[in-house]
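K.L.:
Quick one: sequence plus predicted model below, questions after.
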Amino acid sequence: MPTLHLSELLKPSYSDEKFDSFKTRGNNSRRRSLAVTCKKAKNEEAWKEKKQGFVDYDRGQHEVRVGVSGLRKEDIPRRYRLRVEGDRFQKDWTISEVVQKVLELNHWEDIEGLLNRWVGRFATKNFPVLIREITQTGSIEHSNHVFRWMKHQKTYCARNDIYNMMIRLHGRYNQTDQARGLFFEMQEWRCKPDAETYNALINAHGRAGQWRWAKNIMEDMLRAAIPPSRSTYNNLINACGSSGNWREALKVCREMTENGVGPDLVTHNIVLSAYKNGAQYSKALSYFELIKRTNIRPDTTTHNIVIHCLIKLGEYGKAIDLFNSMREKRAECRPDIVTFTSIIHLYSVNGQIENCKAVFCTMIAEGIKPNIVSYNALLGAFASHGMSDEALSVFNEIKQNGFHPDIVSYTSLLNAYGRSGQPRKAQEIFNLMKRNNGKPNVVCYNALIDAYGSNSLLAEAIGVLHDMEQHGIQPNIVSICTLLSACGRCGQKVKIDAILSAAASRGIELNTFAYNSAIGSYLNVGEYDKALKLYRSMRENKVKPDSVTYNVLINGCCKMSKYNEALEFLDEMMDLKIPLSKEVYSSVICAYSKQGRVKEVESMFTVMKLEGCCPDVITYTAMIHAYSATGNVEKVSALLQEMEMNDVEPDAIACSAMMRAFNKGCQPAKVLYVAQFMRDRNIPFNDANFFEMISACSMLRDWGTTVDVIKMMEPSLPVISVGLLNQLLHFIGKSGKTEIMMKLFYKIVAMDADINFSTYTILLKNLLAAGNWRKYLEVLQWMEDGGVEPSNEMCRSILFFAQSGCGAEYAAFIHQRVENLKRKSMHQTSTSRLQDSPLLAMKL
């Protein structure tokens, strides 16, 4: 009998069969011997991955590619080799070269024509490697073309690994229907699904959030008598966890351990991610503590999830400590791009923009190349604080480094311009995004609506809403909240009703945020009854109010002097057991202080600290106002010391309240102490601070400090109110320093600051008191030239001074100048009346 070697028969290529017939002499029998030999191909090198490097020293770029040769022309069967030898169009490319050439073509071009020129198509073993290389690029269109072409080749043999790779690729693009179609197609091609096939299909449904489908596939796998592996359970847990169904994920994890499959680090990371997606951040931290007690060492992914949960819980210090420990233990757990991006987001939420930039620079210094997500995190940090110039710089850097700004990049830059008070530039960014083939979504439109609404451009904001609907994008509750807030800022009470009606007609149900915006808008325009009616409607519709709701109501009632109603809302809030926030405490303290109930103010302030709610600068400012109203200056000083002890930085408003309290308590020296405190802490001064400082200097008769205050005010003269400038001129003139008063007036005029009739009145009174009648007449002439008509009182004052305070010669001169000014003024008045007469208009 012929001897057949099974290991050689299973090889895909065979040598030509040779038959040797041996005839025996005689008539009894004929014995035939069959010898089958197989040439063993020595092609192990064909499947080894070889790295090819490329370095451009001029541009500072480098690239490393991994190439696979595959079976070449000399490795294919002889009959195919003879077929292609005489054809100059047939190319002996490697598999990596084929993949690169396919990707260079568009998916609608002749990809099949290119593949038909490849000699390696006659080797069956090349097909799985070709599919592996093309699917790793992530191009699903090219992969589908190659797969369709492959199935029409005579040398193609359907294999499980080919279908597994295609199912996994469709899963990456959430194309679950196509993935299931491949699952059934492979069975038609006589390929029995294995554990990897089911894993790929479960993973595909998990990515799409279809965890019930994933569980059904798991049950089909068990019915097919295929034992689930650890990867199977991990994929199923991930399918449940990525959908936010953390309870189901824990249930699958429990089944996993009961079936004797132990969890690994990947399993623990998936469970942590399930807690994170389900907003169970405290549970995630507890689970992390359990992981540390086992022998499993957490990796970078584990720490990234924990840092994210710490940020969500507001435990920024612990997140920073964990990040620093990762940097110290680089050999065990090195921070990656996700870690640095999370820390940038942490500092952004915490308002530490300088640290955001520092972390970004540290990431680059450690050799981690930023991606579009990290750029967007830094861009969003600048945008959240209205730093449009810095945001634009990051946006340009994205393009310079070869990245294409995505929808998040454009929206962040748009938001930066909106928050910095530049809605027109925000509109330009929106138009640029559409010109660059970017498709705006509802978030982009909401950002543009907010850009117009926050700058009191309500008509333009409503126009964006209509444009949004014309492009097929339906507004959501954020759009309604933004418009309602804009109505409150613009004082458009009619528009508030229209927007609420529009939301109802579009089927948008108001949530707590929307009710808060609408109630706040009504209170801003003084519509207390409508705000109260809307609040009652909120309770009837079983929308639960929060601390923001009651803060809006209490604060609005205080602005409208409805203090009893404000305290009634406080009682209602406490009946509902809603915890009081810092803002609510501050508003209640304000309500009590307006009623002069100092004991209640102190009691509420004490309760606030006992409840663990640390007072902020707004709360301290409300307390300062309360003590200032009762003239308790000592307690105001104690509050300033308490703020320093609690690391609460006073702002200009808090400092002005303290200054006002000290001036009211006849302690002007402490006002100057507060001013020095502001200079030491680099706290910017406002009009109220300057006003109180000048008042203090006036009470102290401190001329040197007044000069210093004037020097501090000079850069801000164009934006300082005319009332403050008038007070400063009055104080200087009253002190007899008329020359300095006039120099200050010249600076005010040179800087185009506001000047009114009272300004001239103050100048004239002080000049006349100093006996400087020449400058008095000069100022009167300035008024005449500036179109400001001097009053009769001004003329009578200088004439009375001429009769009693100077000689006859000067009196005649003063009288003549005053008469000339009167005649000139009467002439200008008659001319203006003639120009405005209807008879002249008819003649013209």
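P.N.:
Happy to help now that I have it.

K.L.:
Let me see the confidence value for residue 243.
P.N.:
pLDDT for residue 243: 82.

K.L.:
Would you quantify the distance from it to residue 386?
P.N.:
36 Å (C-beta to C-beta, to the nearest Å). Placement of C-beta: from N, CA and C, glycine included.

K.L.:
Verify the contact between residue 420 and residue 384 for me.
P.N.:
No. Under the criterion of C-beta atoms under 8 Å, residue 420 makes no contact with residue 384, lying 11.2 Å away.

K.L.:
okay, the two: which has more neighbours?
P.N.:
residue 420 (20 against 17; other C-beta atoms under 10 Å).

K.L.:
which residues touch that one?
P.N.:
386, 387, 388 (C-beta atoms under 8 Å, 6 or more residues apart in numbering).

K.L.:
Restricted to helices, list the residues you listed.
P.N.:
Judged by DSSP state H, these include residue 388 as members of helices.

K.L.:
doesn't residue 486 make contact with residue 458?
P.N.:
Yes. Using C-beta under 8 Å, residue 458 is in contact with residue 486, at 5.2 Å.

K.L.:
Show me what the mean pLDDT comes to for stretch 697-707.
P.N.:
Stretch 697-707 comes out at a mean pLDDT of 78.

K.L.:
let me redo that: stretch 548-568
P.N.:
So the average pLDDT for stretch 548-568 ends up being 89.

K.L.:
what does that stretch rub up against?
P.N.:
Against stretch 548-568 from outside (C-beta under 8 Å, 6+ apart): 512, 515-516, 519-520, 523-524, 526, 528, 531, 535, 538, 569-570, 572-573, 578, 581, 583-584, 587-588, 590-592, 594-595.

K.L.:
Make a PyMOL selection of the buried ones in the residues you listed.
P.N.:
For the buried members of the contacts of stretch 548-568, the matching PyMOL selection, counting by 16 or more other C-beta atoms under 10 Å, is:
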select buried, resi 515+516+519+520+523+524+528+531+535+538+569+570+573+578+581+583+584+587+588+590+591+592
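
K.L.:
more crowded one of residue 243 and residue 386?
P.N.:
Comparing residue 243 with residue 386 by other C-beta under 10 Å, the one with more neighbours is residue 243, at 20 against 17.

K.L.:
Relative to residue 274, how far out is the more buried one?
P.N.:
9 Å.

K.L.:
Equivalent analysis for residue 164, please.
P.N.:
25 Å.

K.L.:
Tell me which of those two has more neighbours.
P.N.:
Higher neighbour count among residue 164 and residue 274: residue 274, with 30 against 25, using other C-beta under 10 Å.

K.L.:
In contact with the more buried one, which residues?
P.N.:
237, 238, 240, 241, 242, 245, 246, 249, 250.

K.L.:
quick one: low-confidence ranges for the protein?
P.N.:
Within the chain, the stretches with pLDDT under 70 are 1-43, 54, 59-63, 330-331, 488-494, 805-809, 824-844.

K.L.:
Residue 55 belongs to a strand?
P.N.:
Yes. Under DSSP: H, G, I helix; E, B strand; the rest coil, residue 55 falls within a strand.

K.L.:
If it is in a bridge, with which residues?
P.N.:
Per DSSP bridges, the residues bridged to residue 55 are residue 62.

K.L.:
count of residues packed around it?
P.N.:
11.

K.L.:
what about it, distance to residue 312?
P.N.:
From residue 55 over to residue 312 (counting by C-beta to C-beta), the distance is 43 Å.

K.L.:
repeat for residue 154
P.N.:
58 Å.

K.L.:
between those two, who's got more neighbours?
P.N.:
residue 312 (15 against 8).

K.L.:
That one - nearest residue in space that isn't next to it in sequence?
P.N.:
residue 281 (4.9 Å; C-beta to C-beta, 6 or more residues apart in numbering).

K.L.:
Check whether the one you found really touches residue 275, as I assumed.
P.N.:
Yes. Under the criterion of C-beta under 8 Å, residue 281 makes contact with residue 275 at 7.2 Å.

K.L.:
Give me the common contacts of the two.
P.N.:
Shared contacts of residue 281 and residue 275, counting by C-beta under 8 Å, 6+ apart, come down to residue 309.

K.L.:
quick one: what helix or strand has residue 552 in it?
P.N.:
Counting by DSSP states H and E, the element that carries residue 552 is helix 547-559.

K.L.:
Now that helix: buried residues?
P.N.:
Applying 16+ other C-beta under 10 Å to helix 547-559 flags 548, 549, 550, 551, 552, 553, 554, 555, 556, 557, 558 as buried.

K.L.:
Among the contacts of stretch 548-568, which ones are in helices?
P.N.:
Those of those lying in helices (DSSP H): 512, 515-516, 519-520, 523-524, 528, 531, 535, 538, 569-570, 572-573, 583-584, 587-588, 590-592, 594.
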